[in-house]
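*Asks:* Give the three-dimensional model of this entry:
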Amino acid sequence: MLTTILAGAVIAISFSAPPGPVTMETIRRGVRGGFRPALRVQLGSIIGDLMWCLAALIGLAPLVQVDVIRLTLGVVGVLLLVYLGAMGIRDALKPTVLTVSEGGETKQGSFRAGMAISMANPLAVGYWLSVGGALVASGAVGGDPGGTVAFIVGFILGTLLWAFVMSFAVRWGRQILNPVAFRAVTFACGATLLVFGFTLASQMFGALL
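*Replies:* Residues are numbered from 1 along each chain as shown. Sure thing, here's the model as predicted:
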């Protein structure tokens, strides 16, 4: 049981740690509003992560191979990333971005952004199609309810641990940024989100042609 919990935690961290759209949005909102907005983005993203994790464990992940579902997810993902990227660049160019206070972001906005990015992230779909399917096929999870619950518990604990680590890192980094670096980080996060969005769009069009 403990081994299964640890496996879930390790897989959660290995999935969450590589830089991606959620990380960029966490940094963008964190440098503006501090620890709490960064944490809310991370907590929101856990909802999407858990959704794809559960879908893989109960055998629903292959549904995203259906053209209509895959295309819909892709379009939503592109629009969301482009929108958030544009907002990041806009904020970097506004002088008011330099005057921020701890907790300046709305609770709902940060949480919803993290959840939406995670749920519409095609990278998450691909990850769980491969990793989740392999776990079920090997019998590591899905064979009995206890093992599946233990894995999910470990997965949630791992994502929560990473959420706090990431949020504290952004909070600490925010304290050492000068105004120029502050705006540069905000701009870089917005531009990176745009790159993610345009890359995703290019991949979608390439698959359709």
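
*Asks:* what is the mean pLDDT for the one helix or strand Arg29 maps to?
*Replies:* Here Arg29 sits within helix 21-33, counting by DSSP states H and E. In this model, helix 21-33 carries a mean pLDDT of 86.

*Asks:* what's the answer for stretch 154-164, then?
*Replies:* 89.

*Asks:* Which of the helices and strands in the protein ranks last by mean pLDDT?
*Replies:* When the helices and strands of the chain are scored by mean pLDDT, DSSP states H and E, helix 122-138 comes last with a mean of 63.

*Asks:* can you map out the helices along the chain?
*Replies:* 2-16, 21-33, 35-57, 67-93, 107-119, 122-138, 145-175, 179-208 (DSSP state H).

*Asks:* how about the fifth one as CSV, C-alpha atoms only?
*Replies:* Put plainly, it is helix 107-119. Output in CSV follows, covering the C-alpha atoms of helix 107-119 (Å, rounded to 0.1, in the frame of the first residue of the first chain):
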residue,chain,number,x,y,z
LYS,A,107,-9.4,33.8,-5.9
GLN,A,108,-11.7,32.6,-8.7
GLY,A,109,-9.6,33.9,-11.5
SER,A,110,-6.4,32.2,-10.5
PHE,A,111,-8.1,28.9,-9.6
ARG,A,112,-10.1,28.8,-12.8
ALA,A,113,-7.1,29.6,-14.9
GLY,A,114,-5.1,26.7,-13.4
MET,A,115,-8.1,24.3,-13.8
ALA,A,116,-8.9,25.3,-17.3
ILE,A,117,-5.2,25.0,-18.5
SER,A,118,-4.9,21.6,-17.0
MET,A,119,-8.2,20.2,-18.3
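
*Asks:* Check which helices and strands it sits against.
*Replies:* Using 3 or more Cβ pairs under 8 Å, 6 or more residues apart in numbering; DSSP states H and E, the elements in contact with helix 107-119 are helix 21-33, helix 35-57, helix 67-93. To be clear about C-beta, it is placed using only N, CA and C from the backbone, and glycine gets the same treatment.

*Asks:* Give me the angle between the first one and helix 145-175.
*Replies:* With axes from the mean of the first three to the mean of the last three Cα atoms, to 10 degrees as the criterion, the two stretches helix 21-33 and helix 145-175 enclose an angle of 40 degrees.

*Asks:* hmm, back to that, looking at the helices and strands packed on helix 107-119, which has the lowest confidence?
*Replies:* Minimum mean pLDDT among the helices and strands packed on helix 107-119: helix 67-93, a mean of 80.

*Asks:* got the buried residues for that helix?
*Replies:* Neighbour counts over helix 67-93 (16 or more other Cβ atoms under 10 Å) mark 70, 73-74, 77-78, 80-82, 84-85, 87-89, 91-92 as buried.

*Asks:* Residues contacting stretch 176-194, please?
*Replies:* By Cβ atoms under 8 Å, 6 or more residues apart in numbering, the residues outside stretch 176-194 that reach it are 21, 24-25, 27-28, 31-32, 81-82, 84-93, 97-98.
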